[in-house]
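Visitor: Next comes the sequence, and after it the predicted model I'd like to discuss.
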Amino acid sequence: NSPSMSGEVAPMVASVVPTFNEGKWIGRCLDSLLAQTHPSSRHIIHVVDGGSTDDTLNIVRSKMKEDVKIVLIKNPEKRVPQARNLSLAAMDEEVELVFEVNGHGWVPVDHLEKRISDLQEIESELAKKVGGVGCLVVAAEDEGRTMMGDWIESTLSCPLGSGGGQFARFKGRHPHNVPAFVLHRKEALLEVGGWDEGLPTNQDSDLSMRLIKADWPLWRSDVSSFQMVKRRNLSSFVKMCRRYGFWRTKTLKKHKSRVNPKEFLPIIGLLLTAILFATQNDYRYYPLLIYAVAISLIGLYEAMKFRMPSLLIGVPLLLLILHTQFSIGMVEGVFRKKLELVDR
């Protein structure tokens, strides 16, 4: 056992990285995990691969030769929830904490150390264990950012985008229903049965809901951030919006108490507009006008905040696409069982 800087034995952590054709990014991801200041003897890395056909496996195996704490696990089902459950089942009893990672992101060298300290402080203040603590998600700083990438990031993080979800810009630490890239307590994961393998998307939100219901509080904190390569082209953004809408409906069927009225505003606005037009109401253009003004003001705010004039056009355009595709996906989720759509 390796002592922590305080002299106590550091908790055993498993970082879990589901992969499928992440050859462009996986090397950087693993390097950041291998460089952690958390004692290396108290950290194991599970790479759970869903049958990659690019250079992913070659890169992972080259890293395994350098460090034996990387374990490669095959994932025949290919999906993320199956990958995380396979890793959970393969963990030694000694593992206490489980860090969610993806193959197209990386973390600062002191990420685990700061996150563990933060979790321990929260538990000390609450006088009870928590299910886990999430972190900030930011766009990768040194990976050739594009104008479309900036548009997408601002759209997803603005009040009319995903808002307080995974891409939220927040400060401090506080309880949260759906934190991102969580450092979980393994015992909490085992108690609720891990990830729902019927949810290829939104499985993290579903897990968070079940943890909170089982009295495992979740928090998020800005002590460190996860740098993620985000979508950079319009096609992948459109597919993502539709896919998230579809699986959001499936998640809400399981957790009806977690309905967010804001998610239904585009559908309500469309129905209201249709009714007004059908009845030749004098106010039939008002919903469209209000919506246009709202997204334009958000675009102006984002452009001024980040001093990027292009956001004045890009954010309203992508908000329109986001609301349209997400709503289409939600409706599809009512009538269809599956959505075979890959956006990465």
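Guide: Sure thing, it's come through.
Visitor: Residue for residue, what is the longest helix this structure has?
Guide: For the chain, the helix reaching the highest residue count under DSSP state H is reported as helix 311-335.
Visitor: for that helix, which positions count as buried?
Guide: For helix 311-335, burial by neighbour count (16 or more other CB atoms under 10 Å) applies to 311-312, 314-316, 318-319, 321-330, 332-333. C-betas here are computed from N, CA, C, even on glycine.
Visitor: Show me what that helix is packed against.
Guide: Under the contact criterion of 3 or more CB pairs under 8 Å, 6 or more residues apart in numbering; DSSP states H and E, helix 311-335 touches helix 147-157, helix 234-254, helix 265-278, helix 286-306.
Visitor: what's the angle between it and helix 234-254?
Guide: 40 degrees (axes from the mean of the first three to the mean of the last three CA atoms, to 10 degrees).
Visitor: Please state the offset of helix 311-335 from the chain centre?
Guide: Taking the mean of its C-alpha atoms, helix 311-335 sits 18 Å from the chain's own mean (CA atoms, centre = their mean, to the nearest Å).
Visitor: now stretch 291-301
Guide: Distance, stretch centre to chain centre, for stretch 291-301: 26 Å (CA atoms, centre = their mean).
Visitor: Which residues belonging to it are considered buried?
Guide: Buried residues in stretch 291-301, counting neighbours by 16+ other CB under 10 Å, are found at Tyr291, Ile295, Ile298, Gly299, Tyr301.
Visitor: Ok, stretch 229-236 next?
Guide: In stretch 229-236, residues buried by neighbour count (16+ other CB under 10 Å) are Val229, Lys230, Arg231, Arg232, Ser236.
Visitor: quick one: which of those residues is nearest to Leu156?
Guide: The shortest gap between Leu156 and any of the buried residues of stretch 229-236 belongs to Lys230, at 8.0 Å (CB to CB).
Visitor: wouldn't the closest one be in contact with Glu153 here?
Guide: Yes - shown here, Lys230 and Glu153 form a contact pair, counting by CB atoms under 8 Å, at 5.9 Å.
Visitor: sorry, back to before: contacts for the longest helix of the chain, please.
Guide: The contact list for helix 311-335 (CB atoms under 8 Å, 6 or more residues apart in numbering) reads 147-148, 150-152, 154-156, 158, 160-161, 234, 237-238, 241-250, 263-267, 270, 292, 295-296, 298-300, 302-303, 339.
Visitor: Recalculate using a threshold of 7 Å.
Guide: With contacts defined as CB atoms under 7 Å, 6 or more residues apart in numbering, helix 311-335 is touched by 151-152, 154-155, 158, 160-161, 237-238, 241-250, 266-267, 295-296, 298-300, 302-303, 339.
Visitor: Now that you've got the residues you listed, can you turn the buried subset into something I can paste into ChimeraX?
Guide: Filtering the contacts of helix 311-335 down to the buried ones (16+ other CB under 10 Å) takes a single ChimeraX command:
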select :151,152,154,155,158,160,161,237,238,241,242,243,244,245,246,247,248,249,250,266,295,298,299,302,303,339
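Visitor: secondary structure class for Asn177?
Guide: coil (DSSP: H, G, I helix; E, B strand; the rest coil).
Visitor: How about it, nearest residue that isn't a chain neighbour?
Guide: Closest residue to Asn177 apart from its sequence neighbours, by CB to CB, 6 or more residues apart in numbering: Ser208 at 6.1 Å.
Visitor: same check, this time on Asp196
Guide: Closest to Asp196 by CB to CB, 6+ apart is Asp206, at 5.1 Å.
Visitor: Same question for Pro11.
Guide: Taking CB to CB, 6+ apart as the measure, Pro11 lies nearest to Glu96, with 4.3 Å between them; neighbours along the chain are not counted.
Visitor: hang on, that neighbour in a strand?
Guide: Yes - Glu96 forms part of a strand when assessed by three-state DSSP.
Visitor: I'd guessed it sits against Lys186; true?
Guide: Yes - using CB atoms under 7 Å as the test, Glu96 is close enough to Lys186 to be in contact (5.9 Å).
Visitor: Neighbour count for the two, which is higher?
Guide: Lys186 (20 against 17; other CB atoms under 10 Å).
Visitor: check contacts around the more buried one.
Guide: Taking CB under 7 Å, 6+ apart as the definition of contact, the neighbours of Lys186 are Met91, Val95, Glu96, Leu97, Val98.
Visitor: Try it again at 8 Å.
Guide: Going by CB under 8 Å, 6+ apart, Lys186 touches Ala14, Leu88, Met91, Val95, Glu96, Leu97, Val98.
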